[in-house]
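1. Okay, sequence plus prediction incoming.
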Amino acid sequence: MQDTSGQPPLRAASIAATLEAEIITGQITGGTKLDEQGLAERFDVSRTPVREALHLLAARSLVERVPYRGVVVLDITPERIEQMFEAMAEVEALCGRFSAQRMTIGERGALQVLHDEMQIMAEKEAYNDYEAANTRFHAMIYDGAHNADIAELADTLRLKLAPFRRTQLKSAARMEKSSAEHQDIVTSIVDNDPAGAERALRRHLMSAAQQVLGQMR
């Protein structure tokens, strides 16, 4: 039966996650060609889930399709990461400003509830739960801007940065700091403070960028 959920098949997502980790940690270096048949043999699957996994990696700007060469791993430089975080910071800051102005009472309340739950996750050092909740937290802010084009742009940038944002949350200290930064964001949005929300989100993304770049260097 065809999957109509819009989500990638689990096998493809699992392969993509494995390759993503190997690219980020340098096990697979920039310029390496990813051969579909070789990967299919490695993961003991047909070429279809491998092709889907490579499509996911391309959407995250980790690989690209090069004419006559196939799928090649991109060089991930600190400068490139900094540029992506800079763009993400500005877009999320805009989402924060609009959310502080446009979110309904119900949306603000849901954001507060999720933040309270994430504080408990941070205290328990529940990394995986916090990471998943963090994605929902930021998606709530994109949706709360009530501008479909801006939300789509934010989501596209989020997908590109997702591998790096995940790695920086594996630190208990960073997770605790992230939760404190979220408190500033939520307070500004709940208090209808557009400038405060914009400022808090920009600082939040810059803080995440510093963590990622510090790990790379």
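-> In hand now; what should we look at?
2. Could you list the low-pLDDT ranges of the protein?
-> By pLDDT under 70, the low-scoring segments of the chain are 1-10, 217.
3. In it, which residue is most central in space?
-> A162 (2.5 Å; Cα atoms, centre = their mean).
4. which ones are touching the closest residue to it other than its chain neighbours?
-> Of all residues not flanking A162 in the chain, R60 sits nearest, at 6.3 Å (Cβ to Cβ, 6 or more residues apart in numbering). Heads up, the C-betas are built off the backbone N, CA and C, glycines and all. Taking Cβ atoms under 8 Å, 6 or more residues apart in numbering, we find R60 in contact with E20, L159, K160, A162, P163.
5. show me the biggest helix of the protein in terms of residues.
-> Across the chain, the longest stretch assigned as helix under DSSP state H is helix 78-102.
6. in it, what counts as buried?
-> 81-82, 84-85, 88-89, 91-100 (16 or more other Cβ atoms under 10 Å).
7. Check stretch 166-175 too.
-> R166, T167, Q168, L169, R174, M175.
8. In helices, which of these appear?
-> Per DSSP H, the buried residues of stretch 166-175 map to helices at R166, T167, Q168, R174, M175.
9. out of those residues, who's nearest R51?
-> Distance to R51, by Cβ to Cβ, is smallest for R166 among those, at 23.4 Å.
10. Counting by contacts, list what the longest helix of the chain packs against.
-> helix 127-144, helix 148-168, helix 172-190, helix 194-216 (3 or more Cβ pairs under 8 Å, 6 or more residues apart in numbering; DSSP states H and E).
11. closest one to R42 among those helices?
-> helix 148-168 (19.9 Å).
12. how much space is there between G38 and G70?
-> For G38, the distance to G70 equals 11 Å [Cβ to Cβ, to the nearest Å].
13. Check L157 too.
-> 26 Å.
14. tell me the contacts of the closest residue to E90 other than its chain neighbours?
-> Using Cβ to Cβ, 6+ apart and skipping residues adjacent in sequence, the residue nearest E90 is R202, 7.2 Å away. Taking Cβ under 8 Å, 6+ apart, we find R202 in contact with A89, E90, E92, A93.
15. which SS state does the residue lying farthest from the centre of the chain fall under?
-> Taking Cα atoms, centre = their mean, the residue of the chain most remote from its mean C-alpha position is Y68, at 30.9 Å. Following DSSP: H, G, I helix; E, B strand; the rest coil, Y68 is assigned to coil.
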